[in-house]
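S.K.: Need the 3D shape of this:
(one chain, ligands or ions: 2)
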Amino acid sequence: MRPEDLLHPRPEGLYCPVGDFHIDPVRPVARALITHGHADHARAGHKAVLATRRTLDIMALRYGADFAGTTQVAGRGTTQVNGVTVSFHPAGHVLGSAQIRVAAKGMSAVVTGDYKRGVDPTAEPYEPVTGDVFVTEATFGLPVFRHPDPRAEIARLLTSLDQFPERAHMVGVYALGKAQRVIRLIRDAGHDAPIYLHGALQKLCDYYQSEGIALGRLEPATADGDRARFAGRIVMAPPSAFAAKWAQRFPEPLICFASGWMQVRARARQRGVELPLVISDHCDWGELTATITELDPGEVWVTHGREEALVRWCALQGRAARPLNLVGYEDEAE
Ligand SMILES: [Zn+2]
Ligand SMILES: [Zn+2]
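M.R.: Ligands and ions are numbered 1, 2, ... in the order given. Purely as a prediction, here's the structure:
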């Protein structure tokens, strides 16, 4: 069997013809295997969904309990789907995130979804798993991307808080994964004051806490009452909230944004970010290339839009590689 007979791209997403299922399809399909809960990977409306329990929980929180016709929990170990052996392995990206390994007729492939190698107590740690084909994301697939130690980024935030005690520090974070990771990093740095949350972050923070991820004291960032109480406090919100009037209710808001993209200074400026925090839930260039070297797969397939540099790097290493040219995966997670 050729690798293409096990998996190949279709307009709906990556398709396994032997098992008649899609992985992270961008349009509704009959049977979907989902790597993680970010909106560009996990969509509502599939007839049947197989995912980790936490990813199913997160999809239900975001889309409502009837987000799919039927659901099935992918536990530890293998599951058979129409004769294809399927297994889910932690990806280290967000809570519940998994790489999906598929194997049939002597051919195997690992689809990473999104993944990272750095330490993150709010996600199950990445587990190295290999196959004949390794399908890797390349969100930060350029040699220029090097993510600093996230603890150093949080130290910059806390230093600013000391320097400007009269200002509310507004930290832009995406709702799933980044918010909880940043809160946990702040707690691990010893900051135990209440952290104020925009309503859009509450449900997922509650879910993480219910799953045993300690986030400390979180309070709603409601407008009523004394605005001075937000001085010298951390207020967290989706980045879109800062473009709206919402941020102006806080005293002298100092806009921060926690994202791997904050390494690109022009992006920070564009968004009016005063304190960019380079914190990413994806591999940087060093981690992408080190992972490929470590796993040593027969072939590398690259997705997520920035494919060329990583494909070129593989070629220079004498590795078979090709871009997948899948569309529909955005940067929501970042
Ligand atoms: Zn992705
Ligand atoms: Zn993601």
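
S.K.: Tell me the residues of the stretch 1-150 of the chain that contact ligand 1?
M.R.: Asp114 (Cβ under 5 Å from the ion). C-beta: built from backbone N, CA, C; applies to glycine.

S.K.: Do a quick rundown of the helices in the stretch 1-150 of the chain.
M.R.: Secondary structure of the stretch 1-150 of the chain (DSSP state H, counting those that start in this stretch): helices located at 3-6, 53-63, 150-163.

S.K.: Next secondary structure element downstream of the last one?
M.R.: Yep, that's helix 150-163 we're talking about. strand 169-172 (DSSP states H and E).

S.K.: In terms of secondary structure, what does that next one contact?
M.R.: The elements that strand 169-172 packs onto, with contact taken as 3 or more Cβ pairs under 8 Å, 6 or more residues apart in numbering; DSSP states H and E, are helix 150-163, strand 234-237, helix 240-243, strand 254-258.

S.K.: Of these, which is nearest Ala175?
M.R.: strand 234-237 (9.5 Å; Cβ to Cβ).

S.K.: in its sheet, what does the closest one sit against?
M.R.: The pairing partners recorded for strand 234-237 under DSSP bridges are strand 169-172 (parallel), strand 195-197 (parallel).

S.K.: how much distance is there from that strand to the middle of the chain?
M.R.: Mean C-alpha position of strand 234-237 versus that of the full chain (Cα atoms, centre = their mean, to the nearest Å) differs by 19 Å.

S.K.: what comes up buried for it?
M.R.: 234-237 (16 or more other Cβ atoms under 10 Å).

S.K.: closest to Leu204 among the residues you listed?
M.R.: Met236 (11.5 Å).

S.K.: what pLDDT does the residue of the stretch 51-200 of the chain found nearest ligand 2 get?
M.R.: The minimum distance from the stretch 51-200 of the chain to ligand 2, using Cβ to the ion, falls at Asp114 (3.6 Å). Note on Asp114: pLDDT of 96.

S.K.: Name all residues that make contact with the spatially closest residue to it that is not a sequence neighbour.
M.R.: For Asp114, ignoring the flanking residues on the chain, the nearest one in space by Cβ to Cβ, 6 or more residues apart in numbering is His93 at 4.5 Å. For His93, the contact set (Cβ atoms under 8 Å, 6 or more residues apart in numbering) comprises 36, 113-116, 123, 177, 281-282, 333.

S.K.: where along the stretch 1-150 of the chain do the strands fall?
M.R.: For the stretch 1-150 of the chain, the strands defined by DSSP state E, counting those that start in this stretch cover 8-10, 13-16, 21-23, 31-33, 46-51, 68-73, 78-81, 84-90, 98-104, 107-111, 133-137.
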